[in-house]
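Enquirer: sequence plus predicted model, see below.
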Amino acid sequence: MACLLLPATLLGLLCTGSGTFDHEGFPPRAPRDCPGRCVCTADVLSCAGLGLQSVPAELPATSADLDLSHNALRRLRPGWLAPLGRLHTLRLSHNELGVLGRGVFSNASGLRLLDLSSNALRALGRHDLDGLRALEKLFLFNNRLAHLDQHAFHSLGALSQLYLGYNKLTSFSFGHLHGLGTVHLRTLDLSSNQLGHIPVPELASLPAFLKNGLYLHNNPLPCDCRLYHLLQRWHQRGFSAVRNFEREYMCLAFRVPSSRVHFFEHSRVFENCSAATTHDLEQSEGQLEVQMGQSLQLHCNTSAPALHVAWVSPQHELLLAPGSQDGSIVVLADGSLAIGSVQASHEGIFVCLATGPHLHNQTHEYNVSVHRPHPEPEVFRTSYTTLLGCAVGLVLVLLYLFLPPCRGCCRCRRWPRTPSPLQELSAQSSVLSTTPPDAPSRKASTHKHVVFLEPGRRGLNGRVQLAIAEDFDLCNPGGLPLKVSSESASSMGSEGPVMT
């Protein structure tokens, strides 16, 4: 009769002795392979907050979400995840892990989320994260990390979110991101560290979607002009990582910890900075100016990471991996376009097309201007110039001392400015003489140079003419005397004689 008073569904379960409750009214016991005190339900295994100092020996193979947080784990043995082929989420936060070691995650190829926050990790080795090819989110905040191997994240090709805040990092290489590709990465949290040096050119070259998710607040940043103008530009462009935490961006005014000032509020610290200092670092979107021969890398800056990227060159050539037909342009694995040595043929508009799960055929254009270098004038060394000057001067001195001053054609001499008494007497006698100077009976002396007035001949109408006679065989190879007519005699003092 008691069964008749219960609801039909519950009545059938109790009366038949079957259902999800045992005879004492409690849920059924966990499966036999579920570790003691852990909770196993469906594909979730939770062993959180049990004070465990080591991982349980047996783990259900059906587990896809494993929670071992809030325990006292100090070390993980290599290959411990081998039985969990379905695992995609692993939570190890709030433990006492000081090191990881090689092979710890070698059997976690399907893992997509790994939470290692709030542990005691001091460094990440080159192979500590090997095997996490599908990992998308990695939480490493609130540790003691002071050193990251250059290739610590080299195997994380699918990573999109990396949280390294609240550690003791003093530097970080944004150029290669410690081996981490930027094709999917859109969140990089470096806040609340000890970053005192920021490579500004590496920041400026990051893709736009990563700049939007790059958190650098609560660091002792230097009060550097280039960094200031770069972050100001990001703030004006509305990047959320800067805008949402603008009051927490600090810099050291005097290089001591107690001299922190607000980056975006105390502009007097940067009043002597020129905005032109960042013009060559981060040029306006789409406008690029490069020198011929330099290297160039173009990122397809879209609002979210792209799954597929294609480029079109100024020559209307479709560019896909591994590169163009002539090999001068290469499309890298992260979708960026790289040119090893820019040439004049690379000038023009490059267009990229990005597609992905969060994108709908977004395009981006770059107008590349190539500047040809100006040839530099040849510069001589001062020592060579001095030596050459001394040699030329010595040769000139020797020529002056040892070379005869008058040889060969130097027999021609200028008329004396003041005639000697003998020349004056000869000139007068030639004027008074009735015998022409060219009479056959007279011979001209070999080296006599006389200026005389010759009386007019027949056909000259009594004109007086000047003649320069005697031995002009070298200066006048034809052997003819040079005569000056009386019409031009008046101009001899100023313009010189007219020779006929």
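Expert: Done, it's in. Residues are numbered from 1 along each chain as shown.
Enquirer: any chance you could map the strands in the stretch 251-400 of the chain?
Expert: Ranges of strands within the stretch 251-400 of the chain are 260-262, 287-291, 296-298, 308-312, 318-319, 329-331, 337-339, 348-356, 359-371, based on DSSP state E, counting those that start in this stretch.
Enquirer: select, out of those, the one closest to Ser54.
Expert: strand 348-356 (41.8 Å; CB to CB). Bear in mind the C-beta positions are built from the backbone N, C-alpha and C, glycine included.
Enquirer: quick one: which of the strands of the stretch 251-400 of the chain has the weakest pLDDT on average?
Expert: Confidence, taken as mean pLDDT, is least for strand 359-371 of these (a mean of 77).
Enquirer: hmm, back to that, mind checking which of the strands of the stretch 251-400 of the chain is nearest Leu206?
Expert: Proximity to Leu206, assessed across these by CB to CB, is greatest for strand 296-298 (11.1 Å).
Enquirer: secondary structure element for Leu90?
Expert: Under the criterion of DSSP states H and E, Leu90 resides in strand 89-91.
Enquirer: got a list of contacts for the following helix or strand past that strand?
Expert: Using DSSP H and E, the next helix or strand after strand 89-91 towards the C-terminus is strand 113-115. For strand 113-115, the external contacting residues (CB atoms under 8 Å, 6 or more residues apart in numbering) are 69, 88-93, 105, 108, 132, 135-139.
Enquirer: which of the residues you listed has the most neighbours?
Expert: Leu135 (27 neighbours; other CB atoms under 10 Å).
Enquirer: that older thread, least confident pick among the contacts of strand 113-115?
Expert: Ala108 (89).
Enquirer: and the residue nearest to that residue when sequence neighbours are not counted, how far from Gly110?
Expert: Distances taken as CB to CB, 6 or more residues apart in numbering put Leu81 closest to Ala108, at 4.9 Å, once the chain neighbours are dropped. When distance is defined by CB to CB, to the nearest Å, Leu81 is 10 Å away from Gly110.
Enquirer: what is in contact with the two at once?
Expert: Shared contacts of Leu81 and Gly110, defined by CB under 8 Å, 6+ apart, comprise Leu87.
Enquirer: which of these two has more neighbours?
Expert: Taking other CB under 10 Å, Leu81 and Gly110 do not tie; Leu81 has more neighbours (24 against 16).
Enquirer: residue contacts, that one?
Expert: So Leu81 contacts Leu87, Leu90, Phe105, Asn107, Ala108 (CB under 8 Å, 6+ apart).
Enquirer: can you lay out those residues as JSON lines showing distance to Thr363?
Expert: As requested, those are exported to JSON lines (distance: CB to CB, whole Å):
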{"residue": "Leu87", "distance to Thr363": "39"}
{"residue": "Leu90", "distance to Thr363": "39"}
{"residue": "Phe105", "distance to Thr363": "38"}
{"residue": "Asn107", "distance to Thr363": "42"}
{"residue": "Ala108", "distance to Thr363": "37"}
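Enquirer: what two of these are the furthest from one another?
Expert: Leu90 and Asn107 (11.5 Å).
Enquirer: show me the domain layout of this protein.
Expert: As given by automatic domain parsing, the domain ranges for the chain are 287-371, 412-500.
Enquirer: that older thread, I'd like the strands of the stretch 251-400 of the chain as TSV, with mean neighbour count appended.
Expert: Converted to TSV, the strands of the stretch 251-400 of the chain look like this (neighbours: other CB atoms under 10 Å):
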stretch	mean neighbour count
strand 260-262	15
strand 287-291	13
strand 296-298	17
strand 308-312	18
strand 318-319	15
strand 329-331	20
strand 337-339	19
strand 348-356	18
strand 359-371	14
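Enquirer: need the ones you listed in CSV (columns: distance to His235).
Expert: CSV is the format used below for the strands of the stretch 251-400 of the chain (distance: least, CB to CB, whole Å):
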stretch, distance to His235
strand 260-262, 13
strand 287-291, 21
strand 296-298, 24
strand 308-312, 28
strand 318-319, 34
strand 329-331, 32
strand 337-339, 28
strand 348-356, 25
strand 359-371, 22
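Enquirer: bridging residues for the nearest residue to Arg260 once chain neighbours are set aside?
Expert: Nearest-residue entry for Arg260: Met250, 4.4 Å, with adjacent residues in sequence omitted and distances by CB to CB, 6+ apart. Beta-bridge partners for Met250, by DSSP bridges, are His262.
Enquirer: could you count how many residues lie near Met250?
Expert: 19.
Enquirer: over to Phe141?
Expert: Phe141 has 22 neighbours, counted by other CB under 10 Å.
Enquirer: over to Leu45?
Expert: Residues lying near Leu45 (other CB under 10 Å) number 23.
Enquirer: so it, which state does it fall into?
Expert: Using DSSP: H, G, I helix; E, B strand; the rest coil, the structure places Leu45 in strand.
Enquirer: if I read this right, Leu124 contacts Leu145, doesn't it?
Expert: Yes. Taking contacts as CB atoms under 8 Å, Leu124 lies within contact range of Leu145: 6.7 Å.
Enquirer: between the contacts of strand 113-115, which sits nearest Tyr400?
Expert: Leu138 (86.9 Å).
Enquirer: what residues are up against the closest one?
Expert: Leu114, Leu116, Leu129, Leu132, Leu156, Leu159, Gln161, Leu162, Tyr163.
Enquirer: and with 6 Å instead?
Expert: Each residue near Leu138 by CB atoms under 6 Å, 6 or more residues apart in numbering is listed here: Leu114, Leu162.
Enquirer: Ser192 too?
Expert: Applying CB under 6 Å, 6+ apart, the residues contacting Ser192 are Gly165, Tyr166, Asn218.
Enquirer: look up how far Asn219 lies from it.
Expert: Using CB to CB, Ser192 is found at 7 Å from Asn219.
Enquirer: same question, Arg122
Expert: To Asn219, Arg122 is 19 Å away according to CB to CB.
Enquirer: which one's more surrounded, those two?
Expert: Asn219 (23 against 14).
Enquirer: endpoint to endpoint, stretch 236-245 covers what distance?
Expert: This stretch, stretch 236-245, spans 14 Å end to end (CA to CA, to the nearest Å).
Enquirer: hang on, the earlier thing: quick one, grab the pLDDT at the residue nearest to Arg260.
Expert: Note for Met250: predicted pLDDT of 89.
Enquirer: check Ser324 too.
Expert: Here the pLDDT value assigned to Ser324 is 68.
Enquirer: and if you look at Pro314?
Expert: Predicted confidence (pLDDT) at Pro314: the value is 85.
Enquirer: same deal with Glu347?
Expert: Value for Glu347, per-residue pLDDT: 88.
Enquirer: okay, now it: neighbour count?
Expert: The local packing of Glu347 (other CB under 10 Å) involves 15 other residues.
Enquirer: begin at 447 from now on, thanks
Expert: All set: I'll call the first residue 447, so the last point we hit is now Glu793.
Enquirer: now do the SS call for Trp680.
Expert: Three-state call for Trp680 (three-state DSSP): helix.
Enquirer: please give me every residue in contact with it.
Expert: Residues near Trp680 by CB under 6 Å, 6+ apart: Val688.
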